[in-house]
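Asker: okay, here's the prediction I keep looking at, along with the sequence it came from:
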Amino acid sequence: MATDIKNLRNIGIIAHIDGGKTTTTERILYYTGITHKIGEVHEGEAVMDWMEQERERGITITSAATTCFWKDYQINIIDTPGHVDFTVEVERALRVLDGAVVIFDGKEGVEPQSETVWRQADKYNVPRMCFINKIDKEGADFDNALKTIHDRLSTKAVAIQMPIGERDNFSGVVDLIKMKAFEFEGKMGEKVVEKEIPAELLDEAKKQRDIMVEKIAETDDALIDKFLGGEEISEEELKTALRKAVIDVKVIPVLTGTALRNKGVQLVLDAVVDYLPAPTDLPTLKAEDAKTGEEVEIKFSDNEPFAALAFKVATDPFVGQLTFFRIYSGKLKAGSYIYNVTKGEKERIGRILRMHSNHREEIEELGAGEIGALVGLKNTTTGDTLCDADHQVILEKMTFPEPVIDIAIEPKTKADQEKMGIALKKLSEEDPTFRVRSDEETGQTIISGMGELHLDVLVDRMKREFKVEANIGKPQVAYRETIKIMAEAEGKYIKQSGGRGQYGHCWVKLEPLAKDLENSDIEESDEEKKEREEKTFEFANEIKGGAIPQEFIPHVEKGIKEAMGNGVLAGFPMVDIKATLYDGSYHDVDSSESAFKVAGSMAFKAAARMAKPVLLEPIMKVAVSVPEQYMGDVVGDINSKRGIIKEIVDKGTGNTIVKEIEAEVPLASMFGYATQLRSMTQGRANYAMEFEKYAEVPNNIAQELMGEEKDE
């Protein structure tokens, strides 16, 4: 029986690596009756971490989807990875979810990756709630963790619970809306027992409740009048106002507990159904009419034409290729046909699955708001829009970051050659941040990804799932090239070879692409700003008087784009360039599309050499948490790696204070850093790293790099 869309919740569990996402999800599966035994991450038994690599490493690598039922509600959950190398998994999960539970470590509070996932949730304006987990851990401090959320993420966060005791003394929580205490009894904490608030906590609870009520009342005109007039606000009024404020992302409720010790998880489930949105609570979705290009609204209803987004492709060892999708409107029946508007092709729906991590339940149809998986779609990849052929719409595309690390890979034997090609194709279809290309000069296959762990896991999967043995080169940094000044040059391609010749002639001006509009009076929306910042090339046509016929102009642009793939300094791709075609000439008989393409390429290369070309390297944002006694060594080491220290802050309380060092360091200096940091701090420091920006390579290092490229 289909669930009423009002009783549906699509949520993601997101957090920094090791925040307790998978442990919390395992408890949710246990309490909702999906599993009868709790799988522990540290024992390699977690249901949601079903890949062998996840169980061995004790981390989540792919976002696993699962469905469970709580009271009369259906909750579709996606448990996402915390490691920055797998950031695409979080990105695509948040794109299709209606709400998120952000988990924090009770001792650490906000950690570097917490900020990244929070920003991703902001990008898609996802309503969320926080769960301060591990409150029983040595050094845990609820107030301090909440303070880090206020200081570093959002002042909209407000506690709707407070812990009864902390660390070893933690025994339950006070619900500030009901003003009752809850404790968790039974072998697995399955019995939730309501009690009166302990006398010694009553004053503190009243104080915290006043803070909470004020924060919620501020979002509702009727309630703020009551609050200021000193009237009592009922539990029902508070819950209604809080639900609306959460959906509008005006308030972010904070809960607490310990998933590992089975305390507090059922109240998180209650809060999910009480405060996080059903698909119908959210504003209608904007889409583009595929035929007219006009903006249309997608209404979340079973009675509307079908529209869905494929947000993930995965290879399942038992059923082949699985396409995970989210339905926004309409229904989908097994055996029907749908239209992939992104690829312009019809697809037949074979089997529809509801996923429970890597277990599958086959169903006949899914309705609006649902998340499921399809078996056997031939041409659908991540980010494609699936819709009714008679009502073609294009949903907002998903954008993914560019890879920053390259590795050369070659098959060990002739037999592995073909298998490797198939494996790499399937893995790159699954993961949009994993790229495969062939190096024209060396003939090597180059794979690119988001970090060492990312590529390590993909190569491991290639060996296990596709039985391909391969030799791996050293990780290489994905450098780029750009220009610093304006320059113009002529490209002339003339070839006489008896009969019809070739004639293409153009003048091209190159200049650095302006990305900084800080002092400009141009007003732009967030979407336009994002598009401008992500753009790396712009082409302008300023041909007047028909100096070059219109049909040849796109081919000049094509020639320039191809030339950008192989820079003039060391052969790295060129970025952030504006090219203007402003003059040229043609021949009535000899001019052709291919001649102008070559001329465009020649003009670009000639102008780029004169435009002060420079090398760019990826700069990483690095956050190191380190005990105070090792801080000097770590700072000195970062400086020796050409790093720039941005900030040093204290984290934790009492005897557990650690220093968190934030720095920007070139990726080239960060290979093998985990081992260096461990040996420098006796294994007591940890770090997180994510891509920040591209910056110019210092001259002496640029000379070395260009020398290496020439030697090769």
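Answerer: Looks like it arrived, so ask away. Numbers count the residues shown, from 1 in each chain.
Asker: need the helices for the stretch 101-250 of the chain, in chain order.
Answerer: Remark: helices assigned in the stretch 101-250 of the chain by DSSP state H, counting those that start in this stretch are 112-123, 142-152, 202-217, 221-228, 235-247.
Asker: going by neighbour count, list what's buried in the fourth one.
Answerer: For helix 221-228, a neighbour-count test (16 or more other Cβ atoms under 10 Å) marks 223, 226-227 as buried. Yep, even glycine has a C-beta here, placed from its N, CA and C like the rest.
Asker: average pLDDT for that helix?
Answerer: Averaged over helix 221-228, pLDDT sits at 83.
Asker: between it and helix 202-217, how many degrees?
Answerer: 150 degrees (axes from the mean of the first three to the mean of the last three Cα atoms, to 10 degrees).
Asker: how distant is helix 221-228 from the center of its chain?
Answerer: Between the centre of helix 221-228 and the centre of its chain there are 39 Å (Cα atoms, centre = their mean, to the nearest Å).
Asker: now do it and helix 235-247, the angle between them.
Answerer: Using the same axes, to 10 degrees, helix 221-228 lies at 120 degrees relative to helix 235-247.
Asker: span of stretch 491-508 from start to end?
Answerer: 8 Å (Cα to Cα, to the nearest Å).
Asker: where does pLDDT dip in the stretch 201-350 of the chain?
Answerer: For the stretch 201-350 of the chain, the stretches with pLDDT under 70 are 315-319.
Asker: go on, the stretch 1-150 of the chain?
Answerer: By pLDDT under 70, the low-scoring segments of the stretch 1-150 of the chain are 1-3, 16-19, 21-22, 34-64, 79-93, 112-113.
Asker: run through the residues that contact the closest residue to residue 628 other than its chain neighbours.
Answerer: Nearest residue to residue 628 in three dimensions, chain neighbours excluded: residue 659, at 5.7 Å (Cβ to Cβ, 6 or more residues apart in numbering). Each residue near residue 659 by Cβ atoms under 8 Å, 6 or more residues apart in numbering is listed here: 625-628, 631, 648-651.
Asker: next one: residue 153
Answerer: Listed by Cβ under 8 Å, 6+ apart, the contact set of residue 153 reads 110, 114-115, 118.
Asker: thinking again about what came up before, of the buried residues of helix 221-228, just say which sits nearest to residue 556.
Answerer: Nearest to residue 556 among those: residue 223, at 63.2 Å, using Cβ to Cβ.
Asker: from residue 210, how far off is the closest residue to the closest one other than its chain neighbours?
Answerer: Nearest non-adjacent residue to residue 223, counting by Cβ to Cβ, 6+ apart: residue 217, 4.1 Å away. Separation of residue 217 from residue 210 (Cβ to Cβ, to the nearest Å) stands at 10 Å.
Asker: the two: who's more crowded?
Answerer: A direct count of neighbours by other Cβ atoms under 10 Å for residue 217 and residue 210 places residue 217 higher, at 21 against 12.
Asker: so how far is residue 208 from that one?
Answerer: Distance, residue 217 to residue 208, by Cβ to Cβ: 15 Å.
Asker: same deal with residue 268?
Answerer: Going from residue 268 to residue 208 by Cβ to Cβ gives 18 Å.
Asker: check residue 201 too.
Answerer: Note on residue 201: its distance to residue 208, by Cβ to Cβ, is 10 Å.
Asker: repeat that for residue 306.
Answerer: Residue 306 is 47 Å from residue 208, where distance means Cβ to Cβ.
Asker: neighbour count: residue 201 and residue 208, which is higher?
Answerer: Just comparing residue 201 and residue 208: by other Cβ under 10 Å the higher neighbour count belongs to residue 208, 19 against 16.
Asker: surely residue 146 touches residue 253?
Answerer: No: counting by Cβ atoms under 8 Å, residue 146 does not reach residue 253; the two are 11.5 Å apart.
Asker: any common contacting residues for those two?
Answerer: Common contact partners of residue 146 and residue 253 (Cβ under 8 Å, 6+ apart): 157, 159.
Asker: residue 119 and residue 451: what is the separation?
Answerer: Using Cβ to Cβ, one gets 18 Å for the distance from residue 119 to residue 451.
Asker: for residue 659, name its beta-bridge partners.
Answerer: Legend: beta-bridge partners of residue 659 under DSSP bridges are residue 626, residue 650.
Asker: so which of the buried residues of helix 221-228 is the closest to residue 590?
Answerer: Once Cβ to Cβ is applied, the member of the buried residues of helix 221-228 that ends up nearest residue 590 is residue 223, at 78.5 Å.
Asker: next, find the distance separating the closest one from residue 254.
Answerer: Distance, residue 223 to residue 254, by Cβ to Cβ: 20 Å.
Asker: can you list contacts of stretch 137-150?
Answerer: For stretch 137-150, the external contacting residues (Cβ under 8 Å, 6+ apart) are 104-110, 130, 132, 134-135, 157, 159, 162-163, 166-167, 170, 254, 256, 258, 651-656.
Asker: now for the contacts of residue 659: which two are most distant?
Answerer: 627 and 649 (14.3 Å).
Asker: ok, the two, which is more surrounded?
Answerer: Higher neighbour count among residue 627 and residue 649: residue 627, with 16 against 13, using other Cβ under 10 Å.
Asker: contacting residues around that one?
Answerer: Counting by Cβ under 8 Å, 6+ apart, residue 627 makes contact with 658-659, 681, 684-685.
Asker: now tabulate those residues in CSV and tack on distance to residue 407.
Answerer: Output for those, formatted as CSV (distance: Cβ to Cβ, whole Å):
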residue, distance to residue 407
658, 33
659, 33
681, 28
684, 30
685, 27
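Asker: return the residues in contact with residue 20.
Answerer: 103, 105, 133-134, 259-260 are the contacts of residue 20 under Cβ under 8 Å, 6+ apart.
Asker: show me those residues that map onto strands.
Answerer: Secondary structure from DSSP state E places 103, 105, 133 of the contacts of residue 20 in strands.
Asker: neighbour-wise, which of these leads?
Answerer: The member of the ones in strands among the contacts of residue 20 that has the most neighbours, counting by other Cβ under 10 Å, is residue 133 with 29 neighbours.
Asker: that one and residue 145, how far apart?
Answerer: 9 Å.
Asker: ditto for residue 237
Answerer: Using Cβ to Cβ, residue 237 is found at 29 Å from residue 145.
Asker: residue 234 too?
Answerer: Distance, residue 234 to residue 145, by Cβ to Cβ: 30 Å.
Asker: which one of these two is surrounded by more residues?
Answerer: Between residue 234 and residue 145, counting by other Cβ under 10 Å, residue 145 is the more crowded of the two (24 against 10).
Asker: quick check: closest non-adjacent residue to the more buried one.
Answerer: Closest residue in space to residue 145, ignoring its immediate chain neighbours: residue 109 at 4.0 Å, by Cβ to Cβ, 6+ apart.
Asker: ok, how many other residues are close to that neighbour?
Answerer: Neighbours of residue 109 under the rule other Cβ under 10 Å: 25.
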